[in-house]
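**Student:** predicted model follows, preceded by the sequence.
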Amino acid sequence: MIRELHEKLIKGEITSVELMGKYFDAIEKGNPELNAYLTLTKDLAMEQAKRTDEKIKKGEEINLLEGIPGGIKDLIQLKDVRATGGSKILDNYIAPYDATVVNKLKEVGAVFLGKTNCDEFAMGSSGEKSAYGPTKNPHDLERVPGGTSSGSAAAVAADLAVWALGTDTGGSSRQPASFCGIVGFKPTYGRISRYGVMAAASSLEQVGILAKTVEDCAVVLSAIAGEDKMDSTTAKSSGKDYTNYLTGEVKGMKIGIVKEYQEGLNSGMKEAMQAVIKRYEKMGAEIVEIELPYAKYSLPVFYIINPCEISSNLARYDGVKYGIRINDELDSNYNPNGLTRNLLETYLDTRQYGLGAEAKRRIMLGTYALSAGYYEAYYLRAQKVRTLIRKDFEKAFEKVDLILTPTAPTPAFKIGEKIQDPLEMYLADIFTVTANIAGVPAISIPCDNKVEYEGERLPAGFQLMGKWFDEEGVLRAAHAYEVSK
């Protein structure tokens with residue numbers, strides 16, 4: 001889609017300003033219940049679009065992504081634009097600088113439509129945990145779009161953005177992509193800078209990309225990947241055009257199937273996965289059954305490490321340095337007697353009223369697991385099992401090039417269905433968290449046909465995980481499936 005729009009721009013069939021206006025019209029006239037965007041950036045988009053049109057008019061060469069409108073998850077800093085992270089505690093926060101990924105997109109001339117809705121501080125699996133109301137699934141407004149990059153996924157699926165950036169802590173780009181019937185990509189940990197992305201679980205999260213096609217993901221990845229001196233976790237790498245690896249061929253590739261991952265799926269998901277396997281076999285890939293014996297511990301490991309890192313990272317939101325302060329501008333709502341609180345009460349009340357239930361739950365779980373009496377029993381043990389899971393992948397990749405799994409155990413469930421049962425909600429991440437624990441690249445691609453679930457036919461995706469820093473192989477196999485339809 002990006003390439004097609006690029007061709008129209010350079011041929012003069014449409015201008016970037018017209019394209020931008022078309023998407024803003026769609027956002028404003030579309031279904032307001034979708035709630036995909038929290039903040040629109042019309043003035044910035046107009047400035048960016050005009051710059052592109054001027055370059056084209058002068059006959060200058062433009063980047064493939066230049067003039068193409070997209071959305072940015074509200075966890076990612078965009079200078080001089082409100083950045084809430086989906087939380088009331090940052091309701092009045094204006095980003096003072098650009099995230100590295102935003103800066104790189106500005107350098108290639110991409111157009112920003114606005115900041116997309118998300119679960120609070122990347123905590124959630126459904127898109128229901130935003131302080132600004134849930135995002136809804138464009139295919140069925142009674143169903144969740146997945147989380148935490150809910151707004152980014154819904155915007156792309158509903159044609160309210162050509163591409164979007166999300167983040168991916170345990171499947172936060174891939175799972176909503178599956179629910180919304182689009183492509184969601186998480187690169188290797190360290191491939192993309194996290195500088196300027198609100199930290200939640202630092203050792204797990206990575207910027208993700210959501211788009212209609214694998215090629216579009218490759219275009220965006222080419223623009224934002226690379227080493228960053230502002231982020232010591234980024235790997236040394238030279239710039240690449242990842243679209244060069246989309247050959248459409250998988251002949252000779254070995255794709256691993258984890259037997260245990262096929263169990264517990266409903267009949268619709270089983271049929272969809274079998275169809276995917278047969279397609280790859282038909283294209284010449286070799287299907288190999290593999291074992292990941294420690295993968296069954298991925299979910300408990302994730303939900304120990306994740307809250308622990310959240311507990312540490314969210315300590316900065318105390319009502320003192322930035323964000324709301326309950327005994328300041330919101331004091332009249334909670335303390336009609338005026339500014340009488342001491343420092344401790346300010347901390348407590350700011351967090352009580354500024355943070356949502358899921359954020360508080362994970363902070364408490366993480367603080368408990370990190371406490372002196374339980375650190376070794378929980379956090380340290382989880383890190384040891386994480387190492388074993390990584391070794392499982394190392395052994396598996398000695399036999400295969402890629403690992404194929406479902407993206408999620410089911411298609412999108414209904415809004416409110418699992419909101420009262422956190423454990424049931426966490427199980428929606430069972431197939432995606434493993435890639436974050438191991439740090440490998442992974443992508444979710446829509447299955448050919450919608451899957452029967454709860455009396456409806458709904459989008460569902462499958463996942464490909466690759467070797468560390470083999471984004472090329474993951475994208476090539478995903479693209480081959482896509483173009484073979």
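**Tutor:** Yes, it's here. Residues are numbered from 1 along each chain as shown.

**Student:** name the SS class of the nearest residue to residue 297 once chain neighbours are set aside, please.
**Tutor:** The shortest distance from residue 297 to any residue that is not its chain neighbour, by Cβ to Cβ, 6 or more residues apart in numbering, is 5.2 Å, and that residue is residue 385. (C-beta placed from N, C-alpha, C; glycine too.) Following DSSP: H, G, I helix; E, B strand; the rest coil, residue 385 is assigned to helix.

**Student:** ditto for residue 411
**Tutor:** Under the three-state scheme (three-state DSSP), the conformation of residue 411 reads as coil.

**Student:** what is the burial count for it?
**Tutor:** Other residues within reach of residue 411, judged by other Cβ atoms under 10 Å, total 29.

**Student:** what comes into contact with stretch 471-485?
**Tutor:** Stretch 471-485 is touched from outside by 183, 185, 187-188, 191, 213-215, 217-218, 221, 225, 240, 242, 245-250, 253, 255, 276, 279-280, 283, 285, 401-402, 441-443, 445, 448, 464-467, with contacts defined as Cβ atoms under 8 Å, 6 or more residues apart in numbering.

**Student:** what sits up against stretch 371-389?
**Tutor:** With Cβ under 8 Å, 6+ apart as the test, stretch 371-389 has contacts from 292, 294-295, 297-298, 300-301, 304-305, 308, 368-370, 434, 437-438.

**Student:** sorry, back to before: the residue nearest to residue 297 - how many residues pack around it?
**Tutor:** The criterion is other Cβ under 10 Å. On that basis, residue 385 has 17 neighbouring residues.

**Student:** do the one 5 residues further on as well
**Tutor:** Residue 390: 16 surrounding residues under other Cβ under 10 Å.

**Student:** what does the one 10 residues further on give?
**Tutor:** By other Cβ under 10 Å, 21 other residues sit near residue 400.

**Student:** try residue 97
**Tutor:** Using other Cβ under 10 Å as the criterion, residue 97 is surrounded by 14 other residues.

**Student:** again with residue 162
**Tutor:** For residue 162, which is what you asked about, the neighbour count (other Cβ under 10 Å) is 26.

**Student:** what of residue 234?
**Tutor:** Using other Cβ under 10 Å, residue 234 has 20 other residues around it.

**Student:** distance of the residue nearest to residue 297 from residue 438?
**Tutor:** 12 Å (Cβ to Cβ, to the nearest Å).

**Student:** can you give me the strands in the protein?
**Tutor:** Shown for the chain, the strands assigned by DSSP state E span residues 37-40, 69-73, 111-116, 163-168, 183-186, 206-211, 254-258, 286-290, 402-406, 442-446, 451-453, 456-458, 461-466.

**Student:** so where is the chain shaky, pLDDT-wise?
**Tutor:** Within the chain, the set of residues satisfying pLDDT under 70 comprises 327-341.

**Student:** just want the most central residue of it.
**Tutor:** If you average the C-alpha coordinates of the chain and look for the closest C-alpha using Cα atoms, centre = their mean, you land on residue 173, 2.7 Å from that point.

**Student:** sorry, back to before: now the buried members of the contacts of stretch 471-485.
**Tutor:** Among these, those scoring as buried are 183, 185, 187-188, 191, 213-215, 217-218, 221, 225, 242, 245-246, 250, 253, 255, 276, 279-280, 283, 285, 401-402, 441-443, 445, 464-467 (criterion: 16 or more other Cβ atoms under 10 Å).

**Student:** the residue nearest to the centre of the chain contacts residue 167, correct?
**Tutor:** Yes. Distance between residue 173 and residue 167: 7.0 Å, which falls inside the contact criterion (Cβ atoms under 8 Å).

**Student:** for those two, list the residues in contact with both.
**Tutor:** Common neighbours of residue 173 and residue 167 are listed as 149, 208 (criterion: Cβ under 8 Å, 6+ apart).

**Student:** re earlier: ok, the residue nearest to the residue nearest to the centre of the chain when sequence neighbours are not counted - contacts?
**Tutor:** When the adjacent residues along the chain are set aside, residue 173 lies closest to residue 208, with 2.8 Å between them (Cβ to Cβ, 6+ apart). Listed by Cβ under 8 Å, 6+ apart, the contact partners of residue 208 are 149, 165, 166, 167, 168, 172, 173, 174, 184, 185, 186, 187.

**Student:** could I get those as TSV with distance to residue 417?
**Tutor:** Below are the contacts of residue 208 laid out as TSV (distance: Cβ to Cβ, whole Å):
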residue	distance to residue 417
149	20
165	28
166	23
167	24
168	23
172	19
173	22
174	20
184	22
185	27
186	26
187	31
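
**Student:** closest to residue 453 among these?
**Tutor:** For residue 453, the nearest member of the contacts of residue 208 is residue 174. The distance, counting by Cβ to Cβ, is 18.1 Å.
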